[in-house]
Every structure is written in structure tokens, then in C-alpha cells.
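**Student:** Next comes the sequence, and after it the predicted model I'd like to discuss.
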Amino acid sequence: MDSKGKRMKALIDAPEILITPGVFDGFSARLVERAGYKTATISGAGVSESRLGWADRGIMGFEANLDNARRLADCTDLLLQADADTGYGNALNVYFVVRAFEKAGVAAIMIEDQVWPKRCGHMPGKTVIPAEEMVQKIKAAVDARRDSGFIIKARTDAAAPLGIEETVRRLNMYAEAGADILLADALTTREDIATVAKNVPKPVSVSMGLAIRARKTTPPVPPKDLEALGVKQVTYPRLFTAAALKGMQNALAVFQNELVAQNRIVDRADLLVTFDEINDLMGLPVLDALEAKFSG
């Protein structure tokens, strides 16, 4: 049987663009799998925000990130793509980070060329390390993987501080160093996306930030339009975090208004899934079957 990385590569190499939701916890991972997707990206921002309660500014460390990836890999058959930030150090650190994430059961790992502490790619004020330093990180990542099919995604955040020409130059260097798929984060025009896709030798991924209406960042481009530009994968890392937060805000407002202020029971299908729906999604039938199997 092919490894997770090789199955992931087959999805990337398919003729049609690979549409990849972002996940961050058991709810989101199981929902994506139930919807029929084969792969998902783990949102580093989503993990930091939901687990630590802090924005994506380098507060989350290696162990917390790795532990979350391992738990998601344990509860789903999705081909997970992990976000390893900057690799948590130099090339030596990257070597062991890649080994740990591969062992955790993910199919791919992304490493970016920001300085540490990093920040979300769609935040202002980003700076990047020298391209040559990132090349060594990519080489270490490639050397570290036990399975040659395990996918190394190289991300550059050079567009905002250094421009599109430097972005393309860096991605070509990272491709030569052995990266399997390339991501230029926070490109601000459709033309820049096309420029990157046409001028690098490896498959290109685009991170599409939904719900960033007030910020100048990657424009919302439909998947088929991205495919026509030469993009092989589009990820939506903030889809579930933004939706979950909005859902909780809406539910809390109703809770405060009806249950607390008006002393009325709240049981609205537009706001709340049922107890049985939660348990079904979270694998209770499997647990019941196991309990019955070993109870006699």
C-alpha cells in the first residue's frame, strides 16, 4: 500500500485543483472527513487560537503543535498536512521536527522562511530569513524524512517585505533544494498568483483567507479560476475557525437574551446540533461496538 505522502502526491498531481479545508480540532477534522475530503491542512493559527487562546504570533511551540497533529492523525483517516511554522530553529532543529511530524502520522509538513517569532501570513510586519538559510532548512527536511514520499512544502512570506521577484527567486531555490510543493503566502493580486505559478518548477499551493474583508491580502479567487492560472492546490485554513467563532457568538447572544434575560429555554436547530449528532460525529457508535465486543 502506498504511503500517506505518496497518496497525497497523487492528489496534488491530479488534473483538477486540490481543494483543501483547514482543520484544527476533532470536530473540524471529522466534519471534513465525513464530507468526503481526502486531505486537510492543519491550521497553525487555528491550533494556537483554539488551544492557547492567543493569536498566531509565535506563541505556540513545537511540542503543542506536534501533540495536536498526533491527536488529529489518531482520530481520522484524512491525509493531514501539518504547519510546522519556521521549523522551530535552524536546519538541525528542522531535521528532528520533520522526523517527529512524520512519525506522528501526517502526510506532509510545511516550513516557512519567516524569522522567529513568526506571525500569521496575513498580518503586517513580517520579515524573512536569508534565502540561503531557508535552503539549508529544506535540505535538512528532505534528508530527515524516512519515507521518500513524505511531502515537504516550502512557504515563503517574502512577497510583502521584498516583492514578487524575490518571492519567485526564493521558491525556485527551495524547489532546487528538494521541496515537493511551494507556497507564496499572502499574494495580493491575481496577477501575482499567476506569475508565481508560471515561473516555478514544482506544484504551487495558494492559501485562501476567507473572512479577511477589511485587510489587503490574497484576493478571493474561485478554485477553477486558480486552476486556470496553474495552481495545483488551494487551502482554506480559516474556514472553520471563523465559522466556529461566529456560531458561538450567535449562540451566546441568544443564550444571554432568551435563557438569562427572559428565562426561556433555548433549543434552536439553527444554532445547536443535538446531543446525538455530536456523539455520532465523534465516534460513539465505534466505541459502543468495541464495548459490546469486549464486554462478554
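**Tutor:** Looks like it came in fine.
**Student:** what about the helices in the stretch 51-200 of the chain?
**Tutor:** Using DSSP state H, counting those that start in this stretch, the helices of the stretch 51-200 of the chain run over residues 62-75, 91-104, 131-144, 159-162, 164-177, 190-198.
**Student:** Tell me which of these sits nearest to A292.
**Tutor:** With CB to CB as the measure, helix 62-75 is the member of those nearest A292 (20.7 Å). No exception for glycine: its C-beta is placed from N, CA and C like everyone else's.
**Student:** Distance from that closest one to the middle of the chain?
**Tutor:** 13 Å (CA atoms, centre = their mean, to the nearest Å).
**Student:** now do stretch 76-85
**Tutor:** Relative to the chain's own centre, stretch 76-85 is displaced by 7 Å; criterion: CA atoms, centre = their mean.
**Student:** send the alpha carbons of it over as CSV?
**Tutor:** Coordinates of each C-alpha in stretch 76-85 appear next as CSV, following Å, rounded to 0.1, in the frame of the first residue of the first chain:
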residue,chain,number,x,y,z
THR,A,76,-9.2,10.5,11.3
ASP,A,77,-8.0,8.8,8.1
LEU,A,78,-7.5,12.2,6.4
LEU,A,79,-4.2,12.8,4.8
LEU,A,80,-3.1,15.7,7.1
GLN,A,81,-0.7,18.5,6.1
ALA,A,82,0.9,19.9,9.2
ASP,A,83,2.1,23.5,9.7
ALA,A,84,5.5,23.5,11.4
ASP,A,85,5.9,27.3,11.3
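**Student:** Let me know the average pLDDT across it.
**Tutor:** For stretch 76-85, mean pLDDT is 97.
**Student:** So which bits of that stretch are buried?
**Tutor:** Across stretch 76-85, burial judged by 16 or more other CB atoms under 10 Å covers T76, L78, L79, L80, Q81, A82, D83, A84, D85.
**Student:** again, but for stretch 154-162
**Tutor:** Neighbour-count burial for stretch 154-162 flags A154, R155, T156, D157, A158, A159, A160, L162 (criterion: 16+ other CB under 10 Å).
**Student:** Surely G46 is in contact with A29?
**Tutor:** No. Using CB atoms under 8 Å, G46 is not in contact with A29; the gap is 11.0 Å.
**Student:** Pull up the overlap in contacts between these two.
**Tutor:** Applying CB atoms under 8 Å, 6 or more residues apart in numbering, one finds that G46 and A29 are jointly contacted by V23.
**Student:** Report the distance from the longest helix seen in the chain to the chain centre.
**Tutor:** What stands out as the longest helix in the chain, according to DSSP state H, is helix 239-254. On the basis of CA atoms, centre = their mean, helix 239-254 sits 20 Å off its chain's mean C-alpha point.
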